[in-house]
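> Any chance you can model this:
(2 chains)
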2 protein chains.
Amino acid sequence: MSGKPARARYTEERGEGAPADDRGVARRLFAILDAFTTPTLASSLSLTAIADRAGLPLSTTHRMVAEWVSWGGLTRQDDGRYSLGMRLWEVGVQTPTARNLRTIALPYLEDLYESSREHVHLAVLDGLDALYLEKLSGHHAVRVISRVGGRLPLHSTGVGLVLLAYAPNDLIDAYLSGSLDKYLPGTVTSPEELRRRLAGIRTEGVAVMSEEMTAGSSSLAAPIRDRTGRVVAAVSIVTRTSPFAPHKPDPAHEQAVRAAAHGVSRALGYRRSDS
Amino acid sequence: MSGKPARARYTEERGEGAPADDRGVARRLFAILDAFTTPTLASSLSLTAIADRAGLPLSTTHRMVAEWVSWGGLTRQDDGRYSLGMRLWEVGVQTPTARNLRTIALPYLEDLYESSREHVHLAVLDGLDALYLEKLSGHHAVRVISRVGGRLPLHSTGVGLVLLAYAPNDLIDAYLSGSLDKYLPGTVTSPEELRRRLAGIRTEGVAVMSEEMTAGSSSLAAPIRDRTGRVVAAVSIVTRTSPFAPHKPDPAHEQAVRAAAHGVSRALGYRRSDS
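Okay, the predicted model is just below:
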């Protein structure tokens, strides 16, 4: 590769001054962690499975896993398999966005949950996905597929449509030019129809979905704004679809979702110009 | 250090087969992350502050931070400072203990919050600390110092005393032989008195604290057991201390905390022998 004598390369590439090598180790360490969430979430994995998912030799995997275990990012279970460790959770929950938004929003989400007794979701835009920051659920709420830390598409969820509606135009263009999966017969996947829908959400300040992601469930979502007026999150309730009026939201639910979104926005410092 | 020629050391120490070097890089990467939580939680840090807290040269810090940013574990803010990134949160919330326990417990915690309108805490034993997994708070609940992902001592918090009471004897011995801080005049710090207190908690199945960690607040905590009967967590409510009966818990609160702990335990598969 290089014409330099071995000793010169050696001196450059090890210890504090070795950028290329650092990068390799860092990438391998991250690949180990990613193995637990990609391609599917795994609550525990054998060493072989980690190596397989990370695309690394078993010996390298063994060493990298040992480093994560010594820090607390992975835990070795009694059965010899590994799982994500509490240290990772402990650091992860300190992420400012997650921590601040969640802390500020939680009392309002609780009020919304109490008044509706339905799933209450809080999500933010992350890349081209809706990332679920919080989910409150009763013992008997309708079954849905969202989970805290999980990602769902923007065009087929209530919070997703709200986040997309208020996103920058280049992000909307990028999203709508990508592949738009049809999860149920009712999922809207036409870019033109979605653009009209996004415009409607911006006018109404609320997104109404029915039977587009999960059969039997409907969603009502509203935007949360920060001090500068920028939409930073969306809140929704997900309810069982009414067999009598599947596309007509319950006015009390709509009122409650709007109130929760306004409450969180006010708590974030937002003052509406019209109020 | 070693008598081997440079080339031999070079071959051993770089690339896939370089355990010692991998370890150094891993330790430096983790030191970068730890800088955000130690000695105090920092929501953002400059590169210099990270280097300072991590005890690393600026150039090394620069490279390691770049690796974290490329993975999403750190985010570079508009002002040039760095904060913990959403990818870390996303992976962290998938930690099985936090995820499963929290998911199962949340509906019961919500019921407890609704019936009491006070702070509701869920904590697990981690090392010799109470680690707070969840906290539900109303808009107007009494001010306390706990936070999700935060740690508090075992001898001066309700959840901590419960976790300590049911911990293995060697852990109790280790904890009581360490230094026991006196946060308020009422904090019990005598190992003998604490042992009597732990025995009382095991008999009563509930811990009652008043004015031992935060002035003006009292706590009621109960153990959560898993399928095998082992205590895996504690739930509490933290209330304003009554000026009339500071050491006498509200019977309705005590009943509600016990019911929540039993509910979560049952959901985890626990069946009491006497029921």
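> quick one: the residue of the stretch 101-250 of chain A found nearest chain B and B:D226, what's the gap?
Closest approach between the stretch 101-250 of chain A and chain B, counting by Cβ to the nearest Cβ: A:G149, at 3.8 Å. Every C-beta, even on glycine, is put in place using the N, C-alpha and C of the backbone. Using Cβ to Cβ, to the nearest Å, A:G149 is found at 23 Å from B:D226.
> Between those two, which has more neighbouring residues?
A:G149 (23 against 15; other Cβ atoms under 10 Å in any protein chain shown).
> Kindly confirm my reading that the more buried one is in a strand.
No. Judged by DSSP: H, G, I helix; E, B strand; the rest coil, A:G149 forms no part of a strand; its state is coil.
> Three-state assignment for A:Y132, please.
strand.
> Tell me, please, where in the stretch 151-275 of chain A the pLDDT is lower than the cut-off.
A:243-247, A:273-275 (pLDDT under 70).
> all strands in it, in order from the N-terminus.
Ranges of strands in the stretch 151-275 of chain A, per DSSP state E, counting those that start in this stretch, are A:151-152, A:207-210, A:217-225, A:231-240.
> neighbouring strands for the third one, and are they parallel or not?
Strand partners for strand A:217-225, identified by DSSP bridges, are recorded as strand A:207-210 (antiparallel), strand A:231-240 (antiparallel).
> Quick one: closest of these to A:R102.
strand A:231-240 (9.6 Å; Cβ to Cβ).
> Please point out which parts of that closest one sit buried.
Across strand A:231-240, burial judged by 16 or more other Cβ atoms under 10 Å in any protein chain shown covers A:V231, A:V232, A:A233, A:A234, A:V235, A:S236, A:I237, A:V238, A:T239.
> Look up the closest residue to the first one, ignoring the ones flanking it.
When you say that, I think you mean A:V231. A:Y166 (3.7 Å; Cβ to Cβ, 6 or more residues apart in numbering or on different chains).
> need the contact list for the one you found.
By Cβ atoms under 8 Å, 6 or more residues apart in numbering or on different chains, A:Y166 lies in contact with A:R202, A:P223, A:R230, A:V231.
> Kindly recompute the last result at 10 Å.
Contacts for A:Y166 (Cβ atoms under 10 Å, 6 or more residues apart in numbering or on different chains) come out as A:L125, A:I172, A:L198, A:I201, A:R202, A:P223, A:I224, A:R225, A:R230, A:V231, A:V232, A:A234.
> need the strands of the stretch 151-275 of chain A in CSV with distance to A:T103, can you?
Output for those, formatted as CSV (distance: least, Cβ to Cβ, whole Å):
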stretch, distance to A:T103
strand A:151-152, 22
strand A:207-210, 25
strand A:217-225, 14
strand A:231-240, 13
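> Out of those, flag the one nearest A:L133.
Short answer: strand A:231-240, nearest of those by Cβ to Cβ, at 7.2 Å.
> Can you name the residue of chain A nearest chain B?
A:G92 (2.0 Å).
> Got the confidence number for that residue?
In this model, A:G92 is scored at 88, pLDDT.
> Does A:A51 touch A:P57 like I think?
Yes. The pair A:A51 / A:P57 is scored as a contact, 6.8 Å apart, by Cβ atoms under 10 Å.
> quick one: which of these two has more around it?
Between A:A51 and A:P57, counted using other Cβ under 10 Å, A:A51 has the larger neighbour count: 22 against 13.
> Which stretches in the stretch 101-250 of chain A count as helices?
Listed in chain order, the helices of the stretch 101-250 of chain A (DSSP state H, counting those that start in this stretch) span A:158-165, A:169-176, A:191-204.
> and the second one, what does it pack onto?
Right, the one you point to is helix A:169-176. helix A:158-165, helix A:191-204 (3 or more Cβ pairs under 10 Å, 6 or more residues apart in numbering or on different chains; DSSP states H and E).
> Please work out which of those is packed deepest.
Of all the helices and strands packed on helix A:169-176, helix A:158-165 has the most neighbours on average by mean count of other Cβ atoms under 10 Å in any protein chain shown, namely a mean of 28.
> now that one against helix A:169-176, angle please.
130 degrees (axes from the mean of the first three to the mean of the last three Cα atoms, to 10 degrees).
> can you state the direction angle for helix A:158-165 and helix A:191-204?
Using the same axes, to 10 degrees: helix A:158-165 against helix A:191-204 is 90 degrees.
> does any part of helix A:158-165 sit near chain B?
No. Judged by Cβ under 10 Å from any Cβ of the partner chain, helix A:158-165 stays clear of chain B, getting no closer than 14.0 Å.
> Give me the distance between that helix and the centre of its chain.
13 Å (Cα atoms, centre = their mean, to the nearest Å).
> how about that helix as CSV, C-alpha atoms only?
This file holds the C-alpha atoms of helix A:158-165, laid out as CSV (Å, rounded to 0.1, in the frame of the first residue of the first chain):
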residue,chain,number,x,y,z
GLY,A,158,-51.2,10.4,12.3
VAL,A,159,-48.1,11.8,13.9
GLY,A,160,-46.1,11.0,10.8
LEU,A,161,-48.4,13.0,8.5
VAL,A,162,-48.3,16.0,11.0
LEU,A,163,-44.5,15.9,11.1
LEU,A,164,-44.3,15.7,7.3
ALA,A,165,-46.9,18.5,6.8
